[in-house]
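Trainee: Here is the input, now give the coordinates:
(chains A and B)
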2 protein chains.
Amino acid sequence: MTQSREVRLKAYPPAMPDPSHFEMATVDVPAPGAGEVQVRNHWMSVDPYMRGRMRDVKSYAAPFALGAPMGGGAVGEVIASNDPSLKVGDMVQSMNGWREVFNAPAMSLQKVDAARIPAQAYLGVAGMPGMTAYVGLIHMASLKPGDVVFVSAAAGAVGQIVCQIAKIKSHKVIGSAGGAEKCAWLKSIGVDEVIDYRAEENLTKALMKAAPEGIDVYFENVGGKHMDAALAAANPFARFALCGMIAGYNDPQGAAVNNLMMAVGKSIRLQGFIVSNHFAQYGADFQRDMVGWIASGQIKWQETVEDGIDNAVTAFLKLFSGENNGKMLVKLS
Amino acid sequence: MTQSREVRLKAYPPAMPDPSHFEMATVDVPAPGAGEVQVRNHWMSVDPYMRGRMRDVKSYAAPFALGAPMGGGAVGEVIASNDPSLKVGDMVQSMNGWREVFNAPAMSLQKVDAARIPAQAYLGVAGMPGMTAYVGLIHMASLKPGDVVFVSAAAGAVGQIVCQIAKIKSHKVIGSAGGAEKCAWLKSIGVDEVIDYRAEENLTKALMKAAPEGIDVYFENVGGKHMDAALAAANPFARFALCGMIAGYNDPQGAAVNNLMMAVGKSIRLQGFIVSNHFAQYGADFQRDMVGWIASGQIKWQETVEDGIDNAVTAFLKLFSGENNGKMLVKLS
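Mentor: Numbering: from 1, shown residues only, chains lettered A, B, ... in the order given. Predicted coordinates:
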């Protein structure tokens, strides 16, 4: 019998999560039943949205269950199969989360082509973060020719793709990120104006200086002062895609907004969205466009990798201190 | 030569306006020139949006000029004509504001039918406030069958019409207003659940009690705590029409919002709008529908009337203390 370690949620964190809210367990994984396969994860994803499911309130997704392994995107290899649709050696993507080995119905897994692009890219640029960037920028913000685009957390897993899609489509792009290293990376991928928000006393002034013509689209990952700056710098009829507000995930006051009134006078549209509601409508477009952009070298990406399931919690917590460059991943084998 | 008194803006109020920010002047009005008519105003309008133009910053509309008569909607009678398109006795609507008598090009004025509905209704239910309600509810909030509708400042000039259009279309409507008198009026026009926000310690709880099924549409006139309550009570894919945020007009902190993060998880759309951008597209629909509703007795309205141009400033200031029931008007003759 195979053994697997898994990270379980032990308690809902009232504010900033810390290692005490999680626990490691070792479980036995039997041979896969009829229609099932056994998967050994190679890569698992930690993402800011997971924080939102670590609370016991009704939201767009059910809260993570206490005592159960954390859910989340993962890519692994089939190591035993009891279903004709998948064979040993196939690489598959799941939402089965923070564990080393698991059994699952073959039909619940998505086979991925790891020869074409690296397996872990299916957790990033070619996966949920990439599709979030694509749907948010193009559809939620209704990107139009000539729009000036502002992106917060621009060096994050989603932000870095938003910036590059906007550049592929010939837009002026302003990105904000924390720290010189991230800002340098953004410059290197063609972002026109980069704001190191940690170095700026007045984010609104910095944004207005970077975009004296005003912004037409804002891709929101941060909230709070970033939202206030975007509202202040927005042109009439600007469109904001609300993807996340990480400033408020552990401190509700962090996402407090003072300038929302400006949305009236400027006829601004703010559209909150969850990418999973848009797979059916835009999934095929995304696959076609993104595979093409990766193949032609038009999309680059950064990853930050932590090694081993022992470091999964560490990797997750680093999202909130901004220690990741691009997609944060945990390598499991 | 006719004399006319006019109210001029003397200084931009830094916070709450008071009478010292205005001044009364008396001017001579010569006979109308070629193509012009002379109008004696019967009614003038004071509206919350005017506060937004009393500041020296770029906005959707130019700031009011200091030393010039205040602009704004007015209805008056042609008392001299030098243009064949209008004759003495015709009633006309203008945006020429807070004055007793003025000359204007005939083509800049809109003739109104004061036999059909009262002249002052063209400043309210059949005018800009009515059209704001219509466009905001039906188009900006994309009203759909079965939507539960929440309206703040529900007893105001715009809110009272929003509530009634929603009831005509068979929606459940929750209205918030300040004080027992306004709440009783809302009940009398068929609003299903009325919240006296001054009597509630926790607006979110009150709203969730009034709409345990959640709200699908929010018509925003107030901002701040009202917006937070609406975000908390909203169902997934709710649509908010942002018409105004009077809580922040004189105190920017009054419209501060803490719950905007909820717009992400619930995929909420917030759409700011200015009615003047929608006259061309929806003006004819509005006229047709509203005249029909008034004729069939389906739309009622309240007015609060102050007498004489001496009381124009008082009337305007009462908007911010909530002393108006429905449309606030100044009767000039």
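Trainee: Show me what from the stretch 101-250 of chain A comes close to chain B.
Mentor: Listed as neighbours of chain B in the stretch 101-250 of chain A under the rule Cβ under 8 Å from any Cβ of the partner chain: A:223, A:227, A:236, A:242, A:243, A:244, A:245, A:248, A:249. In this view, the C-beta of every residue, glycine as well, is placed from N, C-alpha and C.
Trainee: Next up, the contacts around the nearest residue to the fourth one once chain neighbours are set aside.
Mentor: So that's residue A:242. The shortest distance from residue A:242 to any non-neighbouring residue, by Cβ to Cβ, 6 or more residues apart in numbering or on different chains, is to residue A:272 (4.2 Å). With contacts defined as Cβ atoms under 8 Å, 6 or more residues apart in numbering or on different chains, the neighbours of residue A:272 are A:242, B:262, B:263, B:264, B:265, B:266, B:267, B:268, B:269.
Trainee: make it 7 Å
Mentor: A:242, B:263, B:264, B:266, B:267, B:268 (Cβ atoms under 7 Å, 6 or more residues apart in numbering or on different chains).
Trainee: Could you identify the most distant pair in those?
Mentor: Distance extremes for those: the farthest pair is A:242 and B:266 at 10.1 Å, using Cβ to Cβ.
Trainee: Compare those two and say which one has the larger neighbour count.
Mentor: The residue with more neighbours, out of residue A:242 and residue B:266 and counting by other Cβ atoms under 10 Å in any protein chain shown, is residue A:242; that gives 28 against 22.
Trainee: what separates the more buried one from residue A:215, distance-wise?
Mentor: According to Cβ to Cβ, to the nearest Å, residue A:242 stands 15 Å off from residue A:215.
Trainee: again with residue A:64
Mentor: Separation of residue A:64 from residue A:215 (Cβ to Cβ): 35 Å.
Trainee: for residue A:315, same thing?
Mentor: Applying Cβ to Cβ, one obtains 32 Å for the distance of residue A:315 from residue A:215.
Trainee: now swap in residue A:192 and tell me
Mentor: To residue A:215, residue A:192 is 12 Å away according to Cβ to Cβ.
Trainee: Can you pull the residues that touch both of those two?
Mentor: With Cβ under 7 Å, 6+ apart, residue A:192 and residue A:215 have common neighbours residue A:174.
Trainee: okay, now the domains of chain A?
Mentor: Here the domain assignment for chain A is A:2-124+A:302-331, A:128-276, based on automatic domain parsing.
Trainee: Residue A:64 and residue A:215: which is more packed in?
Mentor: Neighbour count, other Cβ under 10 Å: between residue A:64 and residue A:215, residue A:215 has more, with 25 against 21.
Trainee: Phi, psi for residue A:96 please.
Mentor: The phi and psi torsions at residue A:96 (degrees, to the nearest 10) take the values phi -90, psi 0.
Trainee: Same question for residue A:79.
Mentor: The phi/psi pair for residue A:79 (degrees, to the nearest 10) reads phi -110, psi -10.
Trainee: Run through the residues that contact it.
Mentor: Contact analysis of residue A:79 by Cβ under 7 Å, 6+ apart lists A:38, A:39, A:40, A:88.
Trainee: same thing with residue A:49?
Mentor: When contacts are counted by Cβ under 7 Å, 6+ apart, residue A:49 touches residue A:244.
Trainee: Pull the number of nearby residues for the nearest residue to residue A:245 once chain neighbours are set aside.
Mentor: Leaving aside its sequence neighbours, residue A:245 sits nearest to residue A:223 (Cβ to Cβ, 6+ apart; 2.8 Å). Residue A:223 is surrounded by 24 other residues when neighbours are defined as other Cβ under 10 Å.
Trainee: Surely residue A:223 touches residue A:255?
Mentor: Yes: contact criterion Cβ atoms under 7 Å: residue A:223 and residue A:255 qualify, at 3.5 Å.
Trainee: in chain A, which helix has the most residues?
Mentor: Across chain A, the helix with the greatest residue count (assigned by DSSP state H) is helix A:279-295.
Trainee: Output that one in PDB, but only the C-alpha positions, please.
Mentor: Extracted in PDB, the C-alpha atoms of helix A:279-295 (Å, rounded to 0.1, in the frame of the first residue of the first chain):
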ATOM      1  CA  PHE A 279     -14.400  28.200 -18.800                       C
ATOM      2  CA  ALA A 280     -17.300  27.100 -20.900                       C
ATOM      3  CA  GLN A 281     -17.600  30.300 -22.900                       C
ATOM      4  CA  TYR A 282     -13.900  31.300 -23.300                       C
ATOM      5  CA  GLY A 283     -11.900  28.200 -22.500                       C
ATOM      6  CA  ALA A 284     -11.300  27.200 -26.100                       C
ATOM      7  CA  ASP A 285     -10.300  30.700 -27.200                       C
ATOM      8  CA  PHE A 286      -7.900  30.900 -24.300                       C
ATOM      9  CA  GLN A 287      -6.200  27.500 -25.100                       C
ATOM     10  CA  ARG A 288      -5.800  28.500 -28.800                       C
ATOM     11  CA  ASP A 289      -4.400  32.000 -28.100                       C
ATOM     12  CA  MET A 290      -2.200  31.100 -25.200                       C
ATOM     13  CA  VAL A 291      -0.600  28.000 -26.800                       C
ATOM     14  CA  GLY A 292       0.100  30.200 -29.800                       C
ATOM     15  CA  TRP A 293       1.600  33.000 -27.800                       C
ATOM     16  CA  ILE A 294       3.800  30.600 -25.800                       C
ATOM     17  CA  ALA A 295       4.900  28.800 -29.000                       C
END
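Trainee: near chain B, anything from it?
Mentor: No: residues of helix A:279-295 are not located near chain B by Cβ under 7 Å from any Cβ of the partner chain, the shortest gap being 13.3 Å.
Trainee: right, and the helix or strand after that helix?
Mentor: Going down the chain from helix A:279-295, the next helix or strand is strand A:303-307, by DSSP states H and E.
Trainee: quick one: low-confidence parts of chain A?
Mentor: Along chain A, the model assigns pLDDT under 70 to residues A:58-60.
Trainee: In it, which residue is most central in space?
Mentor: Using Cα atoms, centre = their mean, the residue of chain A that lies closest to the mean C-alpha position is residue A:129, 4.1 Å off.
Trainee: State the distance from the residue lying closest to it once chain neighbours are set aside to chain B.
Mentor: Ranked by Cβ to Cβ, 6+ apart and with sequence neighbours excluded, the top spatial neighbour of residue A:129 is residue A:157, at 4.0 Å. Remark: distance between residue A:157 and chain B (Cβ to the nearest Cβ, to the nearest Å) = 16 Å.
Trainee: Go ahead and confirm residue A:157 touches residue A:326.
Mentor: Yes: between residue A:157 and residue A:326 a contact is recorded at 5.8 Å, counting by Cβ under 7 Å.
Trainee: In terms of packing, which of those two has more residues around it?
Mentor: When neighbours are counted by other Cβ under 10 Å, residue A:157 comes out ahead of the other of residue A:157 and residue A:326, with 32 against 22.
Trainee: got a list of what the more buried one touches?
Mentor: Taking Cβ under 7 Å, 6+ apart as the contact definition, residue A:157 lies against A:124, A:129, A:326, A:327, A:328.
Trainee: could you redo the last one with a cut-off of 10 Å?
Mentor: A:45-48, A:123-125, A:127-130, A:132-133, A:221, A:301-304, A:319, A:324-329 (Cβ atoms under 10 Å, 6 or more residues apart in numbering or on different chains).
Trainee: sorry, back to before: among the contacts of residue A:79, which one sits closest to residue A:109?
Mentor: Within the set of the contacts of residue A:79, residue A:39 lies nearest residue A:109; the separation is 7.1 Å, counting by Cβ to Cβ.
Trainee: Was I right to think that closest one contacts residue A:95?
Mentor: No: taking contacts as Cβ atoms under 10 Å, residue A:39 lies outside contact range of residue A:95: 12.0 Å.
Trainee: joint contacts of those two?
Mentor: Counting by Cβ under 10 Å, 6+ apart, the contacts common to residue A:39 and residue A:95 are A:74, A:104, A:109.
Trainee: Could you say which of these is surrounded by the most neighbours?
Mentor: Note: the member of these with the most neighbours is residue A:74, at 27 neighbours, neighbours being other Cβ under 10 Å.
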